[in-house]
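Asks: need a structure here:
(one chain, ligands or ions: 1)
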Amino acid sequence: MSNPLKVVIVGGGHRSLIYAELSEIKPDMMQIVGIVDPNEFRRNSIAERFSIPEENKFTSVEDFVARDKFADAVINGTMDHIHVETSLPILKAGYDILLEKPFAVNEAEMRELVSCANEYNRKIMVCFVLRYAPFYRRIKETLLTGVIGDIVNIQTVEHVSYHHMSTSHIRGKWRNEEECHASMLLAKCCHDIDIMMWLMGDDAPAKVSSFGGLMQFRKENAPENAGTRCLVDCPLVDTCLYSAKRIYLDHPDRWSFYVWDKLEDKTNTTLADKREFLKTSPYGFCAYKCDNNVVDHQSLNVQFRSGATGTHNMIGGTAIPQRKIHIIGTKGEIFGTLESGIFTVSLIDPRPGCEHKDTEVNVKVTDDSHGGGDLLLTEDFVNYVRDDILSVSCTSINESVKGHLTVFKADESMKNDGKVMEIIL
Ligand SMILES: NC(=O)c1ccc[n+]([C@@H]2O[C@H](COP(=O)([O-])OP(=O)(O)OC[C@H]3O[C@@H](n4cnc5c(N)ncnc54)[C@H](O)[C@@H]3O)[C@@H](O)[C@H]2O)c1
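Replies: Residues are numbered from 1 along each chain as shown. All right, here's what the predicted structure looks like:
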């Protein structure tokens, strides 16, 4: 490709930079030409990294769209609750968007964004990176061959490890629904529900019910004598399973990039700086005495229009981070674990001496938390915007509605004691 897609980053955080890396790996596909971020350090460091001229650095979307259009598309990696308010003016200014998930935090704003994109004839691709993970992609391709027949039931499971739970959903950015405006299911499992919808193909969800709650990470469950801050007043700092010292200081790689990003403007940060920081940061609070209110476990039950059923179980605070899937069809089944990169296809085999015929598929990708999907997704976005090519994984906004709506209705059900909710697309 000789003419790279010109892209402006809106919200220069962790996620945007992962997608922007494509411009460094394949500069003939993508070029980063602008940055919008109110954070001065991030704005300047991103401008320097991608050689963005001074006139293409903006502190707000309003300032950016006030300029004549100078790029093809935007990577919108802002936080969940401002995806819609930042995307609407960008669409109206004529840009296509690679938009982080969840693309909206409630049904009303979801519908507003979808109709705006359709009215202005703009493309939005939602960052459902798991669709690009080789593990799920091979499962999708296997299903498309029809080998297991018609799907009768699909089961997805997400175990959120104790350190991921601690960093994101007890002490971190997605801990309190009033602040982040996203439920646990929306922030964490909209991926799994999207995978369920994608694998179910043309079938659509008709009804959902859900139960869940915050069971573990509550004040009454704090260990005896626990303080309020691990590194200030807690005698259990070296023994508690959720000690901030043990998770963030004693180990270098327990989602700690979320913890240390407040120190990113400092050079040569020492262990002593980090220790001091934890004394005042939310990441240093006792995990049982925070202001978290998102659930730590939730189960949902979906009925599809065909009569097929689906379940999803999210459990937070597990020893092992794990995503599992089991799909049962009329001729056989598929089951596997994302982190292993391996799934098994088992087909009914009534021949004498046989019961079922098993084939193991190893996609040989285990070293990326999204199974290798992040850059494949960005390449797909370029192909979608430039050449209108929709791959089997492509997550256009219209394609993403079924999953988001199922999540919104499941949360409504959970708040109403498991009441069955209709899903009207
Ligand atoms: N696809 C995935 O698998 C995945 C994984 C993790 C997070 N996410 C999602 O990615 C998004 C970003 O998460 P992150 O951790 O990268 O966030 P982040 O906090 O690191 O980055 C957000 C950036 O947006 C900037 N910002 C704030 N207000 C802005 C505004 N009005 N206009 C422009 N920029 C603004 C902030 O200064 C910050 O630099 C979230 O929606 C999150 O849920 C997706």
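
Asks: For the stretch 251-400 of the chain, which segments are assigned as helices?
Replies: Secondary structure of the stretch 251-400 of the chain (DSSP state H, counting those that start in this stretch): helices at 256-260, 271-280, 373-387, 397-415.

Asks: Tell me which of those helices sits nearest to the ligand.
Replies: Closest to the ligand of the helices of the stretch 251-400 of the chain is helix 256-260 (Cβ to the nearest ligand atom; 6.9 Å). Bear in mind the C-beta positions are built from the backbone N, C-alpha and C, glycine included.

Asks: Format the helices of the stretch 251-400 of the chain as JSON lines; extra columns: mean neighbour count, mean pLDDT and distance to Cys189.
Replies: Listed next are the helices of the stretch 251-400 of the chain as JSON lines, based on neighbours: other Cβ atoms under 10 Å; pLDDT from 0 to 100; distance: least, Cβ to Cβ, whole Å:
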{"stretch": "helix 256-260", "mean neighbour count": "17", "mean pLDDT": "90", "distance to Cys189": "18"}
{"stretch": "helix 271-280", "mean neighbour count": "14", "mean pLDDT": "96", "distance to Cys189": "29"}
{"stretch": "helix 373-387", "mean neighbour count": "21", "mean pLDDT": "93", "distance to Cys189": "16"}
{"stretch": "helix 397-415", "mean neighbour count": "22", "mean pLDDT": "97", "distance to Cys189": "7"}
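
Asks: Would you format the ones you listed as a markdown table with distance to Ser45 included?
Replies: Formatted as a markdown table, these follow (distance: least, Cβ to Cβ, whole Å):
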| stretch | distance to Ser45 |
| --- | --- |
| helix 256-260 | 15 |
| helix 271-280 | 19 |
| helix 373-387 | 20 |
| helix 397-415 | 30 |
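
Asks: which stretch among those helices comes nearest Pro102?
Replies: helix 397-415 (6.3 Å; Cβ to Cβ).

Asks: who are the neighbours in contact with the residue lying closest to Arg131 once chain neighbours are set aside?
Replies: Closest residue in space to Arg131, ignoring its immediate chain neighbours: Ser393 at 4.0 Å, by Cβ to Cβ, 6 or more residues apart in numbering. Remark: with contacts taken as Cβ atoms under 8 Å, 6 or more residues apart in numbering, Ser393 is in contact with Arg131, Tyr132, Arg137, Lys140, Trp198, Leu376, Leu377, Asp380.

Asks: The fifth one looks like it's in a strand, true?
Replies: Yep, that's Trp198 we're talking about. No - under DSSP: H, G, I helix; E, B strand; the rest coil, Trp198 sits outside any strand and is assigned helix.

Asks: would CSV of the helices of the stretch 251-400 of the chain with distance to the ligand be doable?
Replies: CSV is the format used below for the helices of the stretch 251-400 of the chain (distance: least, Cβ to the nearest ligand atom, whole Å):
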stretch, distance to the ligand
helix 256-260, 7
helix 271-280, 17
helix 373-387, 8
helix 397-415, 12
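
Asks: quick one, what contacts the residue in the stretch 101-250 of the chain that the ligand sits nearest to?
Replies: Going by Cβ to the nearest ligand atom, the ligand is nearest to Cys127 of the stretch 101-250 of the chain, at 4.1 Å. Applying Cβ under 8 Å, 6+ apart to Cys127 gives the contacts Arg15, Tyr19, Leu98, Leu99, Glu100, Lys101, Leu377, Thr395.

Asks: State the distance from it to Ile97.
Replies: 10 Å (Cβ to Cβ, to the nearest Å).

Asks: State the pLDDT value of Gly284.
Replies: pLDDT, the model's per-residue confidence, is 97 for Gly284.

Asks: now stretch 3-15: mean pLDDT?
Replies: pLDDT averaged over stretch 3-15 gives 97.

Asks: Does at least one residue of that stretch sit close to the ligand?
Replies: Yes - using Cβ under 6 Å from any ligand atom, stretch 3-15 comes into contact with the ligand via Val10, Gly11, Gly12, Gly13, His14, Arg15.

Asks: which of the residues you listed lies closest to Asp68?
Replies: Val10 (17.0 Å).

Asks: Quick check: bridge partners of that closest one?
Replies: Going by DSSP bridges, Val10 is paired in beta bridges with Val36, Asn76.

Asks: dump the residue contacts of it.
Replies: Residues in contact with Val10, defined by Cβ under 8 Å, 6+ apart, are Ser16, Val36, Asp37, Val61, Phe64, Val74, Ile75, Asn76, Gly77, Thr78, Thr86, Ile90.

Asks: Can I get those in TSV including neighbour count and distance to Tyr242?
Replies: Output for the contacts of Val10, formatted as TSV (neighbours: other Cβ atoms under 10 Å; distance: Cβ to Cβ, whole Å):
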residue	neighbour count	distance to Tyr242
Ser16	26	30
Val36	26	37
Asp37	24	32
Val61	23	38
Phe64	24	41
Val74	28	38
Ile75	26	34
Asn76	27	33
Gly77	23	29
Thr78	21	29
Thr86	22	34
Ile90	24	40
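
Asks: filter these down to the ones close to the ligand.
Replies: The overlap between the contacts of Val10 and the neighbours of the ligand (Cβ under 6 Å from any ligand atom) comes to Val36, Asp37, Val61, Gly77, Thr78, Thr86.

Asks: Between all of those residues, which two are separated the most?
Replies: Pairwise distances among those were taken by Cβ to Cβ; the largest, 12.8 Å, belongs to Val61 and Gly77.

Asks: By proximity to the ligand, which residue of the protein wins?
Replies: Gly13 (1.8 Å).

Asks: how many other residues sit next to that residue?
Replies: Neighbour count of Gly13, defined by other Cβ atoms under 10 Å: 17.

Asks: dump the residue contacts of it.
Replies: Applying Cβ under 8 Å, 6+ apart, we find Gly13 in contact with Arg42, Gly77, Thr78, Met79.
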